[in-house]
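[1] Here's a sequence, model it:
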Amino acid sequence: MVTTTEITPKLQVKDLTIRYGSHTALSGVSLEVMPNEIFSIIGPANAGKTSFLKVLNRMDTFNSEMKYDGKIFFNGLDTRHLRNHYALRRRIGVVFPLPVGLPMTVYENVALSPRLRGINNKAELDVIVERCLQRAALWDEVKDRLDSLGSLLSGGQQQRLTIARALSQEPELLVLDEFSIAVDPVTTMRIEEVLKELKEEMTIILVTNLVQQARRLADRTAFFLNGECVEMGITEALFSGEAKDQRTIDYIEGRFG
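    The predicted structure follows:
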């Protein structure tokens, strides 16, 4: 007799509604993200995409106006009931559109999270820092100035430093919100190749306004519009004429955005 093992989703979202005071940013969203897939979320501005990302690792606790209803399960655990938010955020690495550099050297930006985990051996930290900077397509540009302030890097370099810092957490889920806004096209393609490799080790959620980027990278894609998840499906199917909602078709084909 053949038996099958049911795979637990890395992330389950059930009937999620997010509000800022009286304003509803997202309403009734339900979706699942499976282990080791790249899941993209596309949609125009004010669709609720960034708000969705913020509640995944309980960043709502930083904004008294932001409240949510519904359920979010990470590895089967209800994140609302997890008291240690720092531990959750270490497992869910987030990269936002504009780089947020820490006021320290390039090296220490990347070494901070490992140090917080108790890693203080210089040789071990050196390996982690180089590996993360390599993966973020930044090592060759900064290897001779690791002791310089990260804030002195260009905007695109600072964004890649933010990605390296997120990778240094060794997250199970890596969340990227418009990572390529401050990055040139050549570097964007290099990072995309890295993301394809990282899928072997972690799950990735990619929010992007570049629909072709979603098509290149994502296994599955969800389309958000006006606080609603309009449609979700296998990426290539959505982009190959199998989208069911005309709004999805119009957005993918560039009729609005």
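
[2] confidence score at the residue nearest to residue 208 when sequence neighbours are not counted?
    Spatial nearest neighbour of residue 208, chain neighbours left out: residue 214 (5.5 Å); criterion: C-beta to C-beta, 6 or more residues apart in numbering. To be clear about C-beta, it is placed using only N, CA and C from the backbone, and glycine gets the same treatment. pLDDT, residue 214: 96.

[3] Show the contacting residues for residue 214.
    By C-beta atoms under 8 Å, 6 or more residues apart in numbering, the residues touching residue 214 are 40, 42, 206, 208, 221, 235.

[4] Can I get the residues you listed in TSV including pLDDT and distance to residue 137?
    Shown next, in TSV, are those (pLDDT from 0 to 100; distance: C-beta to C-beta, whole Å):
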residue	pLDDT	distance to residue 137
40	98	20
42	97	23
206	96	16
208	93	17
221	98	24
235	97	23
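
[5] And the residues you listed, which of them are buried?
    For these, a burial check counting by 16 or more other C-beta atoms under 10 Å picks out 40, 42, 206, 208, 221, 235.

[6] Which pair of the contacts of residue 214 spans the longest distance?
    For the contacts of residue 214, with distances taken as C-beta to C-beta, the pair at the greatest spread is 208 and 235 (11.6 Å).

[7] overlap in contacts of those two?
    By C-beta under 8 Å, 6+ apart, residue 208 and residue 235 have these common neighbours: 40, 214.

[8] mind putting the buried ones among the contacts of residue 214 in CSV, secondary structure included?
    Shown next, in CSV, are the buried ones among the contacts of residue 214 (DSSP: H, G, I helix; E, B strand; the rest coil):
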residue, secondary structure
40, strand
42, strand
206, strand
208, coil
221, strand
235, helix
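
[9] picking that back up, and the residue nearest to residue 208, what element?
    Following DSSP states H and E, the helix or strand that holds residue 214 is helix 211-217.

[10] residues of that helix that come out buried?
    Within helix 211-217, the residues that qualify as buried are 211, 213-217, counting by 16+ other C-beta under 10 Å.

[11] one step back: tabulate the buried ones among the contacts of residue 214 in CSV, adding columns for distance to residue 127.
    Formatted as CSV, those follow (distance: C-beta to C-beta, whole Å):
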residue, distance to residue 127
40, 31
42, 36
206, 27
208, 31
221, 35
235, 35
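
[12] quick one: which of the residues you listed is nearest residue 175?
    The closest of these, once distances to residue 175 are taken by C-beta to C-beta, is residue 206, at 8.1 Å.

[13] can you pull up the bridge partners for the closest one?
    Applying DSSP bridges to residue 206 yields these beta-bridge partners: residue 40, residue 176.

[14] who touches it in this structure?
    Per C-beta under 8 Å, 6+ apart, neighbours of residue 206: 38-41, 176, 179, 195, 213-214, 217-218.

[15] Lowest pLDDT pick from those?
    Lowest pLDDT among these: residue 179, with 86.

[16] unless I'm mixing things up, that one is touching residue 161, no?
    No: judged on C-beta atoms under 8 Å, residue 179 makes no contact with residue 161 at a distance of 12.0 Å.

[17] Go ahead and confirm residue 61 touches residue 88.
    No: using C-beta under 8 Å, residue 61 makes no contact with residue 88, being 10.6 Å away.

[18] Those two: who's more crowded?
    residue 88 (16 against 11; other C-beta atoms under 10 Å).

[19] What's the separation between the more buried one and residue 58?
    Per C-beta to C-beta, to the nearest Å, residue 88 is found 6 Å from residue 58.

[20] Residue 169 now?
    With C-beta to C-beta as the criterion, residue 169 and residue 58 are 15 Å apart.

[21] Residue 173 now?
    For residue 173 relative to residue 58 (C-beta to C-beta), the value is 13 Å.

[22] who's more crowded, these two?
    Shown here are residue 173 and residue 58; by other C-beta under 10 Å, residue 173 has more neighbours (21 against 18).

[23] Many thanks, I have nothing further to ask.
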